[in-house]
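Undergrad: what follows is a predicted structure for the sequence shown.
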Amino acid sequence: MLMLVCSLKNVSAQEASEGNSVKNFPAQVSIFHHPLSDNKEPKVAIGTHGRKSVNYSYNLSLNLLTGKTGGLNGLGISGLFGHVKGSAHGIQIAGLANLTEKEMIGLQISGLANVAGEKMNGLQMGSLVNVAGDGMSGLQIGGLVNVVGEGIKGLQFGSLVNVAGDGMSGLQIGGLVNVAGEEVKGLQIGGFVNVAGEEMTGLQTAGFVNVATEGMHGLQMGGVANVAVEGMNGLQIGGVANAAVEKMNGIQIVGGINVAKDARGMQIAGISNRGINKKEPIKTMKGLQIAGIFNSADHASGLQIAGIYNRAGTLRGINIGMVSITDTIEKGVSLSLVNIVRKGFYTELDLSFSDYATVAFSYKMGMQRFYTIYTVGAAFIEDKLWVAGMGFGNRTPIGKRLDFQPELVVYNYFPIDFKNIKNTSDTRLKLGFVYRINEKLGLSLAPSIYLMNAKIGAGISLGLSFAGSR
């Protein structure tokens, strides 16, 4: 192999000699060259060309301890440190470190550090640090840190930190931090933090935080947080928080909070889905919002599901929760236990008499086309029982003074003294008709069909209602 390397007659050797003002020579052997990093003539240099080795480019360079050459076109081996003032095309192997001040094309292997002052095309393997000053096309494997001053196309694998000064196309795997100063196209895997200075296209996975300063296209998986400063197209999965500062197109899944200015797709949060400013909701939400506590959106088109509270300015879809507050429902319904609609809010107070509830008082709230019903009352016909009911209903005009009012209500019955309580309930479909005496007052007749413990029956209710809307 050494004979083959020594016999190399590379065209780049002539180019190197012209560009770097060095002469090509097949081989050299040196023992020691001092000082190593000074551009002046060395005080001590023991080797084939002595202090003049910086004026030559070699196909084979053997340095027992340290060596400094003008260029390399082939193989360079150094016991401690190998230094090339110009460009190196081939292989550099050193016990401690390799330094090529200009371009390096090929392979650098050292026990501690490899440095290419300008562009690096090939492979750098150092147990401590690998540095490519301008750009990197290939593979960097470093035990501690990999640094590329400009862009990298390929793979950076470092147990602590990977840095690409401009952009990265390929793969960064770092035990602690991955940083790409500009755009990232590919994969970043960091134990702690991944940062894409501008746009991220691909996958970011970190135990702590993923950051895409401009846009994110792909997948972010952070143990604590994911941040896409401008927009996000894809998937964010975070343990505590996901943030798409501008527009979100895709899916946000988090144990804590999802934040977006505009969201299109799906937001799933253990706590909340909300806008960037704590006092402001998401401007536009199109898709699905699911939160353990609350959702907020100026314009919600789709489905909102919250364990406690939904807030929407304009709703075109469905919201489900314990409490939902909506300014306007343009199209859709609110299926929450408490529905408050600020524009077109409908309320009805109903006093009724029936065989299943001797006397009952009901409060209905929401929209006239879909409202929530709360009922309390008492039954005295057979046993002395308290009655509590909850359900949903609709009231639709069908004549000049006549309305059709279908309702679905679940009633539960309790002994007056609340002793020996049994699970007694019935689900009742009421097909009511309301005669409007005036705009506020009405009389109702509501035949009903019920199901109780697999038994089907019928009943009838007479009522007096006072209704209004705003």
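TA: Yep, it's here.
Undergrad: and residue 251, what does it touch?
TA: 234-236, 265-268 (C-beta atoms under 8 Å, 6 or more residues apart in numbering). C-betas here are computed from N, CA, C, even on glycine.
Undergrad: taking the residues you listed one by one, which sit in strands?
TA: In this view, the contacts of residue 251 that belong to strands under DSSP state E are 234-236, 265-268.
Undergrad: closest one of the contacts of residue 251 to residue 297?
TA: Using C-beta to C-beta, residue 267 is the member of the contacts of residue 251 that sits closest to residue 297, with 9.5 Å.
Undergrad: who does that closest one bridge with?
TA: residue 252, residue 289 (DSSP bridges).
Undergrad: just residue 83 next, same as before
TA: residue 68, residue 99.
Undergrad: all the helices of this protein, residue numbers only.
TA: Per DSSP state H, the chain carries helices over the ranges 2-6, 11-20.
Undergrad: now residue 255: phi and psi?
TA: Per-residue torsions, residue 255: phi -80, psi -20 (degrees, to the nearest 10).
Undergrad: next up, phi/psi of the closest residue to it other than its chain neighbours, please.
TA: Excluding its sequence neighbours, the residue lying closest to residue 255 (C-beta to C-beta, 6 or more residues apart in numbering) is residue 270, at 4.4 Å. Its backbone dihedrals place residue 270 at phi -70, psi -30, with angles given as degrees, to the nearest 10.
Undergrad: coming back round to it: let me have the ones in strands among the contacts of residue 251 in CSV, extended by neighbour count and pLDDT.
TA: CSV is the format used below for these (neighbours: other C-beta atoms under 10 Å; pLDDT from 0 to 100):
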residue, neighbour count, pLDDT
234, 22, 85
235, 19, 88
236, 31, 89
265, 21, 88
266, 19, 89
267, 31, 90
268, 19, 92
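Undergrad: tell me the one of these nearest residue 68?
TA: For the ones in strands among the contacts of residue 251, the nearest to residue 68 is residue 234 (49.6 Å; C-beta to C-beta).
Undergrad: does residue 248 touch residue 260 like I think?
TA: Yes - with contact defined as C-beta atoms under 8 Å, residue 248 reaches residue 260; the gap is 4.0 Å.
Undergrad: overlap of the contact sets of those two?
TA: With C-beta under 8 Å, 6+ apart as the test, residue 248 and residue 260 both reach 232, 267.
Undergrad: is residue 109 in a bridge, and if so with what?
TA: Counting by DSSP bridges, the residues bridging with residue 109 are residue 93, residue 125.
Undergrad: read off the pLDDT value for it.
TA: Residue 109 carries a pLDDT value of 92.
Undergrad: burial of it, as a residue count?
TA: For residue 109, the count of nearby residues is 17 (other C-beta atoms under 10 Å).
Undergrad: about what we covered before: which pair of the contacts of residue 251 spans the longest distance?
TA: Using C-beta to C-beta for every pair in the contacts of residue 251, the one that comes out farthest apart is 234 and 268, at 14.6 Å.
Undergrad: the closest residue to residue 244 other than its chain neighbours and residue 188, how far apart?
TA: Leaving aside its sequence neighbours, residue 244 sits nearest to residue 232 (C-beta to C-beta, 6+ apart; 3.9 Å). The spacing between residue 232 and residue 188, counted by C-beta to C-beta, to the nearest Å, is 15 Å.
Undergrad: repeat that for residue 431.
TA: Distance from residue 431 to residue 188, by C-beta to C-beta: 62 Å.
Undergrad: same question, residue 81
TA: 32 Å.
Undergrad: which one's more surrounded, these two?
TA: residue 188 (31 against 22).
Undergrad: pretty sure the more buried one is touching residue 209, no?
TA: No - counting by C-beta under 8 Å, residue 188 stays clear of residue 209, with 11.5 Å between them.
Undergrad: so what sits against both of these two?
TA: Contacts common to residue 188 and residue 209, judged by C-beta under 8 Å, 6+ apart, are residue 194.
Undergrad: do me a favour and get the end-to-end distance for stretch 275-283?
TA: 7 Å (C-alpha to C-alpha, to the nearest Å).
Undergrad: hmm, who's touching that stretch?
TA: Under C-beta under 8 Å, 6+ apart, the answer for stretch 275-283 is 243, 245, 259-263, 273-274, 296-299, 311-313.
Undergrad: now, those residues that are in strands?
TA: 243, 245, 259-263, 273-274, 296-299, 311-313.
Undergrad: which ones are touching the residue lying closest to residue 288 once chain neighbours are set aside?
TA: Closest residue in space to residue 288, ignoring its immediate chain neighbours: residue 266 at 4.6 Å, by C-beta to C-beta, 6+ apart. When contacts are counted by C-beta under 8 Å, 6+ apart, residue 266 touches 250-253, 287-290.
Undergrad: just residue 106 next, same as before
TA: Counted by C-beta under 8 Å, 6+ apart, residue 106 has contacts 88-92, 121-123.
Undergrad: narrow these to those in strands?
TA: Per DSSP E, the contacts of residue 106 map to strands at 88-92, 121-123.
Undergrad: tell me which of the residues you listed is nearest to residue 388?
TA: residue 123 (75.1 Å).
Undergrad: distance of the closest residue in space to residue 424 that isn't next to it in sequence from residue 381?
TA: Nearest residue to residue 424, sequence neighbours excluded (C-beta to C-beta, 6+ apart): residue 413, at 4.4 Å. Using C-beta to C-beta, residue 413 is found at 12 Å from residue 381.
Undergrad: then residue 347?
TA: 30 Å.
Undergrad: likewise for residue 186?
TA: 75 Å.
Undergrad: between these two, which has more neighbouring residues?
TA: Just comparing residue 186 and residue 381: by other C-beta under 10 Å the higher neighbour count belongs to residue 186, 21 against 11.
Undergrad: unless I'm mixing things up, the more buried one is touching residue 173, no?
TA: No - the criterion here is C-beta under 8 Å, and residue 186 misses it with residue 173 at 10.8 Å.
Undergrad: before I go, just wanted to say thanks for your time.
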